[in-house]
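J.: build me a model from this:
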Amino acid sequence: MSFDKNAEFDTEGVSDTNAGFDTAAVREVLDAARAAGRTALTAPEGKRITDAYGIPTPDEGLATTADEAVALADRMGFPVVMKIVSPQILHKTDAGGVRVGVASAEEARTAFTEIVANAKAYDPAAGITGVQVQQMVPAGQEVLVGSVTDATFGKVVAFGLGGVLVEVLKDITFRLAPAGHDDALSMLDSIKAADVLNGVRGGQAVDRDALAGLIVRVSRLAADFPEIAEVDLNPVFATADGVMAADVRILLSDARPAERRRYTREEILGAMRRLMEPRSVTVIGASNEPGKIGNSVMRNLIDGGFPGEIHPVNPKADDILGRKAYKSVTDVPGDVDVAVFAIPAKFVPAALEEVGRKGIPNAVLIPSGFAETGEHELQQRIVDIADAHGVRLLGPNIYGYYSPWQDLCATFCTPYDVKGGVALTSQSGGIGMAILGFARTTKTGVSAIVGLGNKSDVDEDDLLTYFGEDPHTQCIAMHLEDLKDGRAFVEAARATVPKKPVVVLKAGRTSAGAKAAGSHTGALAGDDAVYDDVLRQAGVIRAPGLNEMLEYARALPVLPTPKGDNVVIITGAGGSGVLLSDAIVDNGLSLMEIPPDLDEAFRGFIPPFGAAGNPIDITGGEPPSTYESTIRLGLTDPRIHALVLGYWHTIVTPPMVFAELTAKAVAEAREQGIEKPVVASLAGDVEVEEACQYLFDHGVVAYPYTTEKPVAALGAKYRWARAAGLL
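T.: A predicted model of the protein is given here:
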């Protein structure tokens, strides 16, 4: 077997990916298949395509008679593999259409006859082109390499264990296509059985560069030809000498994704700045009547202290809450940055036309009654109107939005004005209110809370682009049920992650999209599997649940960026130390191996019946001085990069005493330029709740009654630091 593992390709664009590839040959095959009305290529057609892209496959030929099969096998040398060739039979083994290890001319004749008979019995209507005779591939590690067209992210490339294991273990990983060589190498390490590729129990390691090169070539093939819906190489035999794809399946599609209007980065930033930092707001449907949405929005804008102009629009009123009301938005004087809609859905199109004629760049559509209720035509109508006038739409079907640094509360829900560094978005109104309650309970300062609803226009990548540049925002957390344009989101995330963390809660974990797949790759590319890998590829921190998303958003701005991997646990309770150690491992962190001199230094502060090492157990009955001395040592030793503290409530060292001494030690270390993340788990009576809030307020992420949460927050900070290239 041979494979050019040293080939280098430009990964920035499809136009530069064709060097060395015979794209004309691929185009000829695809055009012929589509002209014939077929969506599946035959094995010989697949061979022509793999040859065109330098994808190594065995020598093979097509036999239409038993004599031809024998002649081909004689030329290749026994043993051989024989497979049915039929555009209608995709799963050859299920049809009894495969024979492996055919070792003689007599066996080849028999195999040909049986394969054809089985195929006819399996699907009498299937057209049978012949039988593929294929050179036997040397044994090796069976893997799968493929590509699938994902509804959210477009072309993605897949890698995992192959053969029957792919269906049993479902150990597979995905990346956006086209993938670069580094992406491909990361895929080899991302599957659970990665150690198998490195050689186990005396086995040889596979040629990683050759395997990564194969992944790159498959990803380029998929990216170069949009009509290729799925590519499935399974099994691929990987050995120390190279790779060989034993079976090729390629499926086509005529479906064309809907074109989405694209905005430049400058256009997005311009519109979003006027949305989030408006000087003038108009409320269409403003009302004097309590209980009306238009009344609630007006009250929140006025009571929230918005310093800009507020213009109510209502054709039946002259004055609303002490503000002059206008019959139409076109009557409002001067420039307006945002129009907030608080009118029934059926009246929105006409009012939106007036907003467009007025030249207002942003419309915030609170009303429901659009696509979420089946009114897709009505929603498309407002999208078309907005597009014609250059108006960006937020919503419809939202609770509004908050921009606290602008003292802007444009919502019919409860106000919130605690300014801080966390930007929060949600697709759901209910989740939006959970965000609000959490922020209030935990005293989390926010830079924005934004509802997205139906996402008829403005979506996560627009806001992510803005928040990435917003000086008030330190961390972005987003609840989403889907992404309209996964690639646009990834592009925005990649631009933002090096500057600040992005946390995502993706709701709707489902593999429903895999049910109609025609290949192993497609069947395993469930919605959640692709989301998980691609979001990780983009550097996004994925939260497993709502509480985790909110806690990460609250904690990440508090924690300094770690400068290394050495984590040390200092605990007053051995049981907490064990659980904290488990949490360290669960979150991909590393417990530091304590060197002898540091071990001796810690032993100087703890009682003889305590335990040094890591965790460092100072025992529960120790006075505040023991906690303080060990924490200060952990902060000042440069070999330690992060501290995890486990506190046990005693009268000897009460919770607030522990909190105050810890906060003081951390503050003094930071005054000396020592910035280390410190998290704490407090076990005890209810007083530990107040102590945790005090610690949070003073730069230490602390939680009562749990060993998992503080370490999970630390793990999220480490994941961001690695994604941002800071570790």
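J.: mind checking pLDDT for residue 566?
T.: In this prediction, residue 566 carries a pLDDT score of 98.
J.: tell me the bridge partners for it.
T.: As for beta bridges, residue 566 partners with residue 590 under DSSP bridges.
J.: how about the one 5 residues further on?
T.: When assigned by DSSP bridges, residue 571 has beta-bridge partners residue 617, residue 646.
J.: local confidence estimate at it?
T.: Per-residue confidence at residue 571 stands at 96 (pLDDT).
J.: that one: how many residues sit nearby?
T.: 29 (other CB atoms under 10 Å). C-betas here are computed from N, CA, C, even on glycine.
J.: residues contacting it?
T.: Residues counted as contacts of residue 571 (CB atoms under 8 Å, 6 or more residues apart in numbering) are 577, 580, 615, 616, 617, 618, 645, 646, 647, 648.
J.: of those, closest to residue 609?
T.: Taking CB to CB as the measure, residue 609 lies nearest residue 617 of these, at 9.4 Å.
J.: wait, the closest one touches residue 575, no?
T.: No. In this structure residue 617 lies outside contact range of residue 575 using CB atoms under 8 Å: 9.9 Å.
J.: more neighbours, these two?
T.: Here residue 617 and residue 575 are set side by side on neighbour count (other CB under 10 Å), and the busier one is residue 617, at 24 against 14.
J.: which ones are touching that one?
T.: The neighbours of residue 617, taking CB under 8 Å, 6+ apart as the test, are 571, 572, 573, 574, 577, 606, 610, 611.
J.: which intervals of the protein have sub-threshold pLDDT?
T.: For the chain, the stretches with pLDDT under 70 are 1-19, 163-169, 255-258, 509-527.
J.: name the strands paired with the lengthiest strand in it and say parallel or antiparallel.
T.: Taking DSSP state E as the criterion, the chain has its longest strand at strand 228-239. Strand 228-239 sits in its sheet next to strand 141-150 (antiparallel), strand 242-245 (antiparallel), strand 248-252 (antiparallel), going by DSSP bridges.
J.: ok, back up a step: in helices, which of the contacts of residue 617 appear?
T.: The helices, defined by DSSP state H, take in 574, 577 from the contacts of residue 617.
J.: between the contacts of residue 617, which is closest to residue 116?
T.: Taking CB to CB as the measure, residue 577 is the one of these closest to residue 116, at 68.0 Å.
J.: among the contacts of residue 617, name the buried ones.
T.: Members of those that pass the buried threshold by neighbour count (16 or more other CB atoms under 10 Å) are listed as 571, 572, 573, 574, 577, 606, 610, 611.
J.: follow-up on the earlier one: any idea which of the strands paired with strand 228-239 gets closest to residue 20?
T.: Closest approach to residue 20 among the strands paired with strand 228-239 (CB to CB): strand 242-245, 17.4 Å.
J.: report the distance from the closest one to the chain centre.
T.: What separates the centre of strand 242-245 from the centre of its chain is 31 Å, taken as CA atoms, centre = their mean, to the nearest Å.
J.: with adjacent residues omitted, what lies nearest to residue 559?
T.: Using CB to CB, 6 or more residues apart in numbering and skipping residues adjacent in sequence, the residue nearest residue 559 is residue 677, 4.2 Å away.
J.: surely that neighbour touches residue 563?
T.: No. Residue 677 is beyond contact range of residue 563, at 9.7 Å (criterion: CB under 8 Å).
J.: hang on, isn't residue 318 packed against residue 325?
T.: Yes. In terms of CB under 8 Å, residue 318 counts as a neighbour of residue 325; the distance is 5.7 Å.
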